[in-house]
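Undergrad: based on what follows, work out the 3D shape:
(4 chains)
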Protein chains: 4
Amino acid sequence: MIRIGVIGYGYWGPNIVRNFSSAEGAELALVCDKNPDVLKKVAGNHSGVKTVTDWREVTESPDIDAVAVVTPVSFHYPLAKSALENGKHVFVEKPFTESSEHARELMDLAAKKNLKIMVDHTFLFTGAVRKMKETVKAGELGTVLYYDSTRVNLGLFQHDVNVIWDLAPHDFSIMDYVVGEKPVAVSACGSSHFYQHENVAYITVFFDTSLIAHFNVNWLSPVKLRTTLIGGEKKMLVWNDVSPDDKIKIYDKGVAVSDRRDIHELLVSYRSGDMYAPRLEQTEALKLGVAHFLECVDNGKQPICGPEEGLLVVRLLEACEKSVKAKGAMVTL
Amino acid sequence: MIRIGVIGYGYWGPNIVRNFSSAEGAELALVCDKNPDVLKKVAGNHSGVKTVTDWREVTESPDIDAVAVVTPVSFHYPLAKSALENGKHVFVEKPFTESSEHARELMDLAAKKNLKIMVDHTFLFTGAVRKMKETVKAGELGTVLYYDSTRVNLGLFQHDVNVIWDLAPHDFSIMDYVVGEKPVAVSACGSSHFYQHENVAYITVFFDTSLIAHFNVNWLSPVKLRTTLIGGEKKMLVWNDVSPDDKIKIYDKGVAVSDRRDIHELLVSYRSGDMYAPRLEQTEALKLGVAHFLECVDNGKQPICGPEEGLLVVRLLEACEKSVKAKGAMVTL
Amino acid sequence: MIRIGVIGYGYWGPNIVRNFSSAEGAELALVCDKNPDVLKKVAGNHSGVKTVTDWREVTESPDIDAVAVVTPVSFHYPLAKSALENGKHVFVEKPFTESSEHARELMDLAAKKNLKIMVDHTFLFTGAVRKMKETVKAGELGTVLYYDSTRVNLGLFQHDVNVIWDLAPHDFSIMDYVVGEKPVAVSACGSSHFYQHENVAYITVFFDTSLIAHFNVNWLSPVKLRTTLIGGEKKMLVWNDVSPDDKIKIYDKGVAVSDRRDIHELLVSYRSGDMYAPRLEQTEALKLGVAHFLECVDNGKQPICGPEEGLLVVRLLEACEKSVKAKGAMVTL
Amino acid sequence: MIRIGVIGYGYWGPNIVRNFSSAEGAELALVCDKNPDVLKKVAGNHSGVKTVTDWREVTESPDIDAVAVVTPVSFHYPLAKSALENGKHVFVEKPFTESSEHARELMDLAAKKNLKIMVDHTFLFTGAVRKMKETVKAGELGTVLYYDSTRVNLGLFQHDVNVIWDLAPHDFSIMDYVVGEKPVAVSACGSSHFYQHENVAYITVFFDTSLIAHFNVNWLSPVKLRTTLIGGEKKMLVWNDVSPDDKIKIYDKGVAVSDRRDIHELLVSYRSGDMYAPRLEQTEALKLGVAHFLECVDNGKQPICGPEEGLLVVRLLEACEKSVKAKGAMVTL
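TA: Have a look, this model is predicted:
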């Protein structure tokens, strides 16, 4: 039985608490929030759970095996560090940390102490993303040529981060998981219209191959779009996450270019076949994520979104920031 | 009566010939194509029209007032130049020329000779684009904050140009017409998967203000998307050109940020009101474009897509090419 | 302060209890369910509320002013009757009763005792239906010509009722509320494929005028459709309840037929103007419904879905049953 | 070589003439229209074709093997009769005739003379309908339980027929072809709002089995809907003919009801699997229809839309008319 302490009971905390409290193999032992009024709600929903207002009582508690850090990103590093130093495994919200330096330090500390860190990239556990991963891995699309994501709507303006730090971590982690190739550089452009933080941004990610990835993030769109296109040599895939059904469509479409010396004789043939929308698993993603964390703690496996994956996302975010300041100039990772 | 000669009767030529032949105030006098078989079709569809195979017979003909150049882009410059030198007005396909140097030379020549050039940016004459122009000009959206265009599908791979030269001229000319602000720099990224020409590209255009524009062009998409979002301070607009109806939707949505010193006290209020889809004019765009050209020749006005506008599009294309080679580095115009 | 007792805490009961417990001017005094385990949940969610297993303790309680009957339809009549006989107002789930005879008896009893009955036709309090009512009432559509509703999906097969009794009460009550004309007859056809209850049915409702209404209900559709078209002489309206936004669209479209003697000279002109999607109120419908009930009890007004409206829906359902048995033969109301 | 004469060069005639003139094995010999101006267009588009204004010159011509009757429905019977009496095969527009009596007479006459009649139910040759037929015939859907069609838009009001005669022939012929079961009775309701012809109608068709079919036809809808649902015991199909792609979607969805005596113990299990949108053949339907006619004339086969199928459609239309007058009362065929 893995005993869990949760720090932070704000917007996302109740979901974390609910899932750990009902997870097999886990015991929700302690919940912390600096606001005592908020803790009353915990008691109402989960009778018998101990609550505290000082996070040190969680990270230093002898009755806890793992700590879930569900706080604003600026607290991720100190809380996770304290938890690791006290021998606790760490489940931490995305993005992992505010800087890649901090992320590396936590990664090394966990390795030294033989503890697990899992970053809560919940999307990886949705039916849609798992189906995309499975499809790409099985070679159904052939070599992936581009990954093109749009995540826009009239979003909540954040006080402390720009639209890249708010929205892109989702898509960076999904792309990394699904495509499996390692990015080498970034070019990003953005604009801020109301105060200093960018509220619209366009990000291109380069790889060693001809694969190219692009991310369109925007807090100021009149319509909500959550669309990802993946173009493969053999087939192509569209993920429309706002569609009530058929979220994933796989198209048997593509081109074949015959190899001629003279470009003017290039023979391009176009293929247009069936479309197929696989049934997607409906289980709550966070439930599967929590189970994955517990399983990794239990059997020593690395999570699919461990510290290395969390670090990559932070490095991409840092590179974006630099490139935006340089008006799109490429920043290598 | 303006006497018209048309050079080129390939893919788009028949539309040009048909529209000039039925336009009020014009007389279709001469059609040229180097292929005599093609000219038989002209005779079939437009009995009595003289046809020739040598374009010099058009540009140098004393019986012609204006020449329509409907050829591959590499012929635009020499044909238009010959026409202007012989005192003819010029109607020329988009993009204007292969280089800004050529475009400037033609622009200057026309000015010196007091002749008109119109670049066939047909989209400007569609009901949708005219409604967008009207809406922005009337201040209905307030200050425009961003312009975000997607033009992707499983497109015909071109032998002589990349996807930017093929698709972006449409959107560059529309943006220029609708938004009315002059771009100052470009950052573009792309990738070519089959031979040396890029088949997918992402372009950001900068302005002197915080306005930002973005263009997603792709020949390798399984779905056809033709979507433009325009975000304004007051309202926002979505143009979906593949929708069978309600192509333009205007949303009374937006944010208002109150002016506070301390960012953590920023008050952002969100507004979500009615949506409105105006009826669009259905007249064939090219018919209106041809009428506009004839009117400008007649009364000496500058066309809304004259040499200056055509030149801007070519300069943007050139800047994109440079930036793509530099992996997104900003190129000033 | 109106003291409320709720009978039935199954699928819909928790919503009723939650809304009465938080409604201004009401006091949730008593909750009844025959299953004691279910009552524990009530205690957990609403500490301090008294719970009982015998419904007579509610209908006969001296501490209660109004009873909410949230049980299967076969219990509506005896429970509502007992409540009225004991001087309580009644809030009852839809459909009102199993027979028009029972509905009439309850209506008369309430009138005699000067008590209120409200049938929980929750849809009338949604933003969409209120906007439709407002639009029709204001004459924006002109005379209503037809009302055409589709409510289909892969629905839960019910053991005790057919698809008409399950789905049509929603649309009958909405049509009655929005259109305001009284139906005079019904023609209905249906088929049952798995056991004796119809799982697909098509219903036409006739009026004294040329207005015609139609209802397509189906438990066996692969896709979920919730669409209503209202055709008016001036404008037309589409309500798409599964659309994430723009649920109501009002089209400035129509025809005008000039009055000629000779039909072959009839001049029909078609009009196609703007479309308009009004912003809809987002407040939870049941919250507004509960407030409406409390207000009616308080000030003696008749609810917009009182016993008369509830009775009409039951009479339509009865007429449908007869017509289905007679393979579509018209049944007058 | 089958020599063809076409009578009628109005709305649809040019398509018929174009397809017969380019069909293999056919020779377009004669085109007739009572309007000489119209015949000039024929000459323009098809140089060398003989044209006449008197239809008898076609039906009685010794140089003709088959006659295509492309006139208003009231002329179908006399023209087809004359053609058959003169030993010509007949290709005739839909609906076959104005009355089942006429249809039967023509059918018998053709049989006696050993001539072919094909009714131009063009939809049967579209990629979508052919795919539906193939899918149902292969048993992929299992037993068909219902067929539910909607064909509505702001349509052209006809002077001589109501909306049923205008739109339902399409869907009746498609249903007959795809489902393959013979209808036994009809219940139909409609309303006319502007002059005596119904402009909205709802039709139910009964079969000997529990199969039920329904048709919603409306000239007064603000939106264009062309949707058919086919529910099968194993799978279900949706045909959306206004969708630019994925017109046919096949859903692996359904219910299974276990056979229990006591209905309250019925076990209904729901199945929700993949969706599949097959690629559809893009060849022009009329081209395939014309080829089918020529093939049948050539090898003596009965067309898939011969006189028997044409007669069934007319009988359904007649039954609808009677049922509409009787406010939905069932009319047996």
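Undergrad: surely residue A:271 is in a strand?
TA: Yes - judged by DSSP: H, G, I helix; E, B strand; the rest coil, residue A:271 forms part of a strand.
Undergrad: surely it is in contact with residue A:254?
TA: Yes - look at residue A:271 against residue A:254 with CB atoms under 8 Å: they come within range, at 5.2 Å. All C-beta atoms are positioned from the backbone trio N, CA, C, and that covers glycine.
Undergrad: neighbour count for these two, which is higher?
TA: Of the pair residue A:271 and residue A:254, residue A:254 is the one with more neighbours under other CB atoms under 10 Å in any protein chain shown, namely 22 against 14.
Undergrad: chain neighbours aside, what residue packs nearest to residue A:329?
TA: Nearest residue to residue A:329 in three dimensions, chain neighbours excluded: residue B:329, at 4.8 Å (CB to CB, 6 or more residues apart in numbering or on different chains).
Undergrad: so who does that neighbour touch?
TA: Neighbour list for residue B:329: A:187, A:328, A:329, A:330, B:187, B:323 [criterion: CB atoms under 8 Å, 6 or more residues apart in numbering or on different chains].
Undergrad: of those residues, which belong to helices?
TA: residue B:323 (DSSP state H).
Undergrad: with pLDDT and distance to residue B:279 added, can I get the contacts of residue B:329 in JSON lines?
TA: Shown next, in JSON lines, are these (pLDDT from 0 to 100; distance: CB to CB, whole Å):
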{"residue": "A:187", "pLDDT": "98", "distance to residue B:279": "41"}
{"residue": "A:328", "pLDDT": "97", "distance to residue B:279": "39"}
{"residue": "A:329", "pLDDT": "97", "distance to residue B:279": "45"}
{"residue": "A:330", "pLDDT": "97", "distance to residue B:279": "46"}
{"residue": "B:187", "pLDDT": "98", "distance to residue B:279": "38"}
{"residue": "B:323", "pLDDT": "98", "distance to residue B:279": "40"}
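Undergrad: which one of the contacts of residue B:329 is nearest to residue D:165?
TA: residue B:187 (61.3 Å; CB to CB).
Undergrad: the closest one against residue B:331, yeah?
TA: Yes - using CB under 8 Å, residue B:187 is in contact with residue B:331, at 7.5 Å.
Undergrad: pull up the overlap in contacts between the two.
TA: Shared contacts of residue B:187 and residue B:331 (CB under 8 Å, 6+ apart): residue B:323.
Undergrad: could you pull out the strands for the stretch 151-300 of chain A?
TA: Under the criterion DSSP state E, counting those that start in this stretch, the stretch 151-300 of chain A contains strands at A:183-191, A:200-207, A:212-218, A:220-232, A:236-240, A:248-257, A:268-277.
Undergrad: show me where pLDDT drops low in chain A?
TA: Along chain A, the parts satisfying pLDDT under 70 run over A:259-266.
Undergrad: how about the residues of it by chain C?
TA: For chain A, the contact set with chain C under CB under 8 Å from any CB of the partner chain comprises A:223, A:224, A:242, A:244, A:245.
Undergrad: could you check which residue of the stretch 1-150 of chain A lies nearest chain D?
TA: Chain D sits closest to residue A:131 of the stretch 1-150 of chain A, with a gap of 10.7 Å, by CB to the nearest CB.
Undergrad: any idea how many residues pack against that residue?
TA: Other residues near residue A:131 come to 21 when the count uses other CB under 10 Å.
Undergrad: do residue A:241 as well
TA: Neighbour tally, residue A:241, other CB under 10 Å: 16.
Undergrad: quick check: closest non-adjacent residue to it.
TA: Closest residue in space to residue A:241, ignoring its immediate chain neighbours: residue A:226 at 3.7 Å, by CB to CB, 6+ apart.
Undergrad: show me what contacts that neighbour?
TA: A:150, A:151, A:240, A:241, A:242.
Undergrad: same question for residue A:252.
TA: A:235, A:271, A:272, A:273, A:274, A:275, A:276, D:279.
Undergrad: which non-adjacent residue is nearest it?
TA: Counting by CB to CB, 6+ apart, residue A:273 is the residue found nearest to residue A:252 once chain neighbours are left out, at 3.2 Å.
Undergrad: ok, that neighbour to chain C distance?
TA: 22 Å (CB to the nearest CB, to the nearest Å).
Undergrad: that residue contacts residue D:279, correct?
TA: Yes - assessed by CB under 8 Å, residue A:273 is found in contact with residue D:279 at 5.0 Å.
Undergrad: and the strands of the stretch 151-300 of chain A as JSON lines, adding distance to residue C:11?
TA: Output for those, formatted as JSON lines (distance: least, CB to CB, whole Å):
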{"stretch": "strand A:183-191", "distance to residue C:11": "48"}
{"stretch": "strand A:200-207", "distance to residue C:11": "44"}
{"stretch": "strand A:212-218", "distance to residue C:11": "40"}
{"stretch": "strand A:220-232", "distance to residue C:11": "30"}
{"stretch": "strand A:236-240", "distance to residue C:11": "31"}
{"stretch": "strand A:248-257", "distance to residue C:11": "31"}
{"stretch": "strand A:268-277", "distance to residue C:11": "30"}
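Undergrad: can you turn the buried part of the contacts of residue A:252 into a PyMOL selection?
TA: Buried residues among the contacts of residue A:252 (16 or more other CB atoms under 10 Å in any protein chain shown), as a PyMOL selection:
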select buried, (chain A and resi 235+275+276) or (chain D and resi 279)
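Undergrad: format the contacts of residue A:252 as TSV; extra columns: distance to residue B:81.
TA: Formatted as TSV, these follow (distance: CB to CB, whole Å):
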residue	distance to residue B:81
A:235	47
A:271	42
A:272	42
A:273	47
A:274	51
A:275	49
A:276	54
D:279	48
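Undergrad: spatially, which two of the contacts of residue A:252 are the most separated?
TA: Largest separation among these by CB to CB: A:271 and A:276, giving 14.6 Å.
Undergrad: helix, strand, or coil at the residue of the stretch 1-150 of chain A closest to chain D?
TA: Following three-state DSSP, residue A:131 is assigned to helix.
Undergrad: separation between it and residue B:167?
TA: 31 Å (CB to CB, to the nearest Å).
Undergrad: distance of residue A:157 from residue A:71?
TA: Per CB to CB, residue A:157 is found 20 Å from residue A:71.
Undergrad: of these two, who's got more company?
TA: More crowded of residue A:157 and residue A:71, by other CB under 10 Å: residue A:71, with 23 against 19.
Undergrad: over to the residue nearest to the more buried one when sequence neighbours are not counted: give its phi and psi.
TA: Nearest non-adjacent residue to residue A:71, counting by CB to CB, 6+ apart: residue A:8, 4.2 Å away. Geometry field for residue A:8 lists phi and psi as phi 110, psi 120, criterion degrees, to the nearest 10.
Undergrad: contact partners for residue A:8?
TA: Contacts for residue A:8 (CB under 8 Å, 6+ apart) come out as A:32, A:33, A:69, A:70, A:71, A:75, A:93.
Undergrad: secondary structure added to those, as TSV?
TA: Below are the contacts of residue A:8 laid out as TSV (three-state DSSP):
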residue	secondary structure
A:32	strand
A:33	coil
A:69	strand
A:70	coil
A:71	coil
A:75	helix
A:93	strand
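Undergrad: out of the residues you listed, who's nearest residue C:23?
TA: Nearest member of the contacts of residue A:8 to residue C:23, counting by CB to CB, is residue A:33, at 30.0 Å.
Undergrad: all set now, cheers.
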